[in-house]
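Participant: Predicted structure and sequence below. I'll ask about it afterward.
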Amino acid sequence: MILEACVNSTISAIEAQKGSADRIELCENLLEGGTTPSAGSIRIARKHLKIPIMVMIRPRGSDFLYSDTEYDIMKEDIVMAKELGADGVVLGILNPDATVDVNRCRELIKLAHPMQVTFHRAFDMTSDPFKALDDLIMLKVDRVLTSGQKENAHEGAKLIADLIRYADGRICIMPGGGLNEENLRQVIKTTGATDFHVYLTHKINSKMIYRNSGVFMGDPENPEYELEITDPQRMQIAKSMIF
């Protein structure tokens, strides 16, 4: 079984490796569902990590219907990830009717070769998950990240199990979204999956001494002087559950 850690920075990626993660999904801006990390983040992650790195290819948050300009950005980011030594990319494009954009995805997959390709949780926004899965199998995508079209993978475990049976080994179905130490074992039991995607963090207090409490650089609902990074201890607990 494989435990993939979703990480929000290179620092988190290093901590995830310390926690025995088998693979990394490297992102930025997880409050928006994850966007493409910088070239510097990928380069330094590759320098420090021995485990595979999957790079998120997503030019913005919100939906998965992209303009021509955004599509061009995705192509450039795939080339960048390949040049910087990534092992794979994580992507997804939908049509306006919430079906998989087969033509554009085919081009991105071709561009990514020989890197692995994961179709991310755009899958959870498709109108027909079984039709979407057929399309992704046809495209020879390596794996699909899904919460079973529910808020989290624990709630969507039944659909995930159905998708795994339907796929019959033709593609890897990876549960992800809200998985943690408390529900991972049940999802393993219910789905029969072999790959699992987790986001396990803790908060680190800033070392800043002077703090201007009247200015916010981001969301005022999130503490300005607090850093969220992967927790290696939580990762190790999760890792112990998949054996």
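Facilitator: Received, thanks.
Participant: need the contact list for the residue nearest to Phe216 when sequence neighbours are not counted.
Facilitator: Closest residue to Phe216 apart from its sequence neighbours, by C-beta to C-beta, 6 or more residues apart in numbering: Glu224 at 5.8 Å. C-beta here means a position set from N, CA and C on the backbone, and glycine is covered the same way. Residues counted as contacts of Glu224 (C-beta atoms under 8 Å, 6 or more residues apart in numbering) are Arg211, Ser213, Val215, Phe216, Met217, Gly218.
Participant: Any chance of a markdown table for these, columns distance to Pro59?
Facilitator: What follows is the contacts of Glu224, written out as a markdown table (distance: C-beta to C-beta, whole Å):
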| residue | distance to Pro59 |
| --- | --- |
| Arg211 | 33 |
| Ser213 | 33 |
| Val215 | 28 |
| Phe216 | 25 |
| Met217 | 22 |
| Gly218 | 19 |
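Participant: Tell me the most packed of these, by neighbour count.
Facilitator: Among the contacts of Glu224, the one with the most neighbours (other C-beta atoms under 10 Å) is Phe216, at 12 neighbours.
Participant: And what about that residue, helix, strand or coil?
Facilitator: Put simply, Phe216 is coil when judged by DSSP: H, G, I helix; E, B strand; the rest coil.
Participant: confidence score at it?
Facilitator: For Phe216, the pLDDT comes out at 83.
Participant: Backbone dihedrals for it, please?
Facilitator: phi -120, psi 130 (degrees, to the nearest 10).
Participant: which residues does the residue lying farthest from the centre of the chain contact?
Facilitator: The outermost residue of the chain relative to its centre, with distances by C-alpha atoms, centre = their mean, is Tyr210 at 35.3 Å. Shown in contact with Tyr210 (C-beta under 8 Å, 6+ apart): no residues.
Participant: Check for me that it belongs to a helix.
Facilitator: No: counting by three-state DSSP, Tyr210 is located in no helix; its state is coil.
Participant: Ile237 versus that one, what's the distance?
Facilitator: Computed as C-beta to C-beta, to the nearest Å, the Tyr210 to Ile237 distance reads 37 Å.
Participant: Could you do Ala16 as well?
Facilitator: Remark: distance between Ala16 and Ile237 (C-beta to C-beta) = 13 Å.
Participant: Settle it for me: which of the two has more neighbours?
Facilitator: Legend: neighbour count by other C-beta under 10 Å for Ala16 and Ile237, higher for Ala16 (32 against 16).
Participant: following the longest helix along the chain, which helix or strand shows up next?
Facilitator: Taking DSSP state H as the criterion, the chain has its longest helix at helix 68-83. Where DSSP states H and E defines the elements, the next helix or strand beyond helix 68-83 is strand 88-91.
Participant: Identify the residues contacting that following strand?
Facilitator: Outside strand 88-91, the residues within contact range by C-beta under 8 Å, 6+ apart are 25, 52-58, 74, 78, 81, 105, 108, 112, 115-120, 142, 145.
Participant: taking the residues you listed one by one, which sit in helices?
Facilitator: Counting by DSSP H, the contacts of strand 88-91 place Met74, Ile78, Ala81, Cys105, Leu108, Ala112 in helices.
Participant: So which of those is surrounded by the most neighbours?
Facilitator: For the ones in helices among the contacts of strand 88-91, neighbours tallied by other C-beta under 10 Å; top is Ala81, 27 neighbours.
Participant: Surely it and Ala45 touch.
Facilitator: No: counting by C-beta atoms under 8 Å, Ala81 does not reach Ala45; the two are 10.8 Å apart.
Participant: which residues does the residue nearest to Ala157 when sequence neighbours are not counted contact?
Facilitator: Using C-beta to C-beta, 6+ apart and skipping residues adjacent in sequence, the residue nearest Ala157 is Thr190, 4.1 Å away. Going by C-beta under 8 Å, 6+ apart, Thr190 touches Ala157, Lys158, Ile160, Ala161.
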